[in-house]
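Visitor: Predicted model and sequence below, questions to follow.
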Amino acid sequence: MSHFKAIIGQSPTLESLIRSAKMVAATDVTVLLHGETGTGKEIFANAIQKASTRADKAFITLNCAALPESLIESELFGHRKGSFTGATSSTKGLFQAANGGTLFLDEINSLPYTIQAKLLRFLESGECLAIGDIKPYHVDVRIIAATNTDLLKLVTAKEFRSDLYYRLNVVPLELPSLSHRSDDIEALINHFMDMMAVTHVMEAAKFSKPALKALKSYPWPGNIRELRNLCERLSILMAGNTIEIEHLPQEFINSNLLKTDPLLLPERGIELDALEANFIHQALNRTKGNRSKTAKLLGLTRDTLIYRMQKHGFH
């Protein structure tokens, strides 16, 4: 049985990625997963762990953006009793908890600069130092890291250590956005709708062909996570029924209208904000994130584009 069976899809892009991940899993090398939010980086990390020689050992996840800087060092490396206010007992960190297994550091781009040096020390020597300790301890932990931003840009901006970047980037794996693997959308929808019917003990809903076509043509800025959430919502609201285009959220209808007649205002109106966000996302995809080219495509100045990207939560 494949340890990668949780990854749904058969598009050439995905199959190539899975082949690379299987080769990586057979080794103990450090892995860096790149990909937009919602592309399934944790699922890939989990699959690599399960296919590795560490499969029966701990797999521990830490989202580096989820904890304040004051806590993340203690969480990772542990601390001695009395080493800071509130340290009423000595506590082991995640490195010790993951000893023999794998530590998945999600959103590594958010790891504070001061703590990056301690992670580098571990990668170079296997040594960790708990807060308040003077003697380091050794652990055997494989690191899989993930980022949703371009770490090289952070290195250039002096926000991420270049030496740590090269230590992490031994084997980079690029997870494609859902808009770049549209061949997999129908298989993912079927998987999620069947799963939700079981989870919520409801008769499965199904999509009509026009609704399915609208989903396939949508740019999916939230990627697989957005698709999963939509399937869960509709499996509950439309249990046992056929989902038509009019049952989809407004942003899907707007996206579908753009592909039919962009000059025709529908009777029910449109949401300009969603329409604008959709165009910006498509333009960014087409230019591979180049803001100057994106601005030109949209007929905007670069400053106006950046303002509107911030308004819609693009990074």
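Guide: That came through fine.

Visitor: Break the protein into its domains for me.
Guide: With automatic domain parsing as the criterion, the domains of the chain are listed as 12-176, 179-311.

Visitor: Distance from the longest one to the middle of the chain?
Guide: Looking back up the chat, that one is domain 12-176. Relative to its parent chain, domain 12-176 has a centroid offset of 15 Å by CA atoms, centre = their mean, to the nearest Å.

Visitor: any idea of the pLDDT on residue 6?
Guide: On the pLDDT scale, residue 6 is placed at 84.

Visitor: Ok, residue 15 next?
Guide: On pLDDT, residue 15 comes in at 92.

Visitor: Check the burial of it by counting its neighbours.
Guide: Here the number of neighbours of residue 15 (other CB atoms under 10 Å) works out to 12. Heads up, the C-betas are built off the backbone N, CA and C, glycines and all.

Visitor: any idea which element it lies in?
Guide: Here residue 15, judged by DSSP states H and E, is contained in helix 12-25.

Visitor: Indicate which one of the domains of the chain is closest to residue 6.
Guide: Smallest distance to residue 6 across the domains of the chain (CB to CB): 5.7 Å, for domain 12-176.

Visitor: circling back: just the residues contacting the helix holding residue 15, thanks.
Guide: Here helix 12-25 makes contact (CB atoms under 8 Å, 6 or more residues apart in numbering) with 3-4, 7, 31, 44, 47-49, 51-52, 171, 173-176, 180-181, 184.

Visitor: can you do 6 Å?
Guide: Helix 12-25 has contacts (CB atoms under 6 Å, 6 or more residues apart in numbering) with 4, 31, 48, 51, 52, 171, 176, 181.

Visitor: re the thing from before, check the domains of the chain for me: which has the lowest mean pLDDT.
Guide: Among the domains of the chain, domain 179-311 scores lowest, at a mean of 86.

Visitor: so how far is the first residue of it from its last?
Guide: 22 Å (CA to CA, to the nearest Å).

Visitor: Same check on stretch 155-162?
Guide: Stretch 155-162 has its terminal residues 6 Å apart, counting by CA to CA.

Visitor: can you pull the buried residues of it?
Guide: Of the residues in stretch 155-162, 155, 160, 161 count as buried by neighbour count, 16 or more other CB atoms under 10 Å.

Visitor: can you tell me the helix or strand for the first one?
Guide: Secondary structure from DSSP H and E places residue 155 in helix 151-156.
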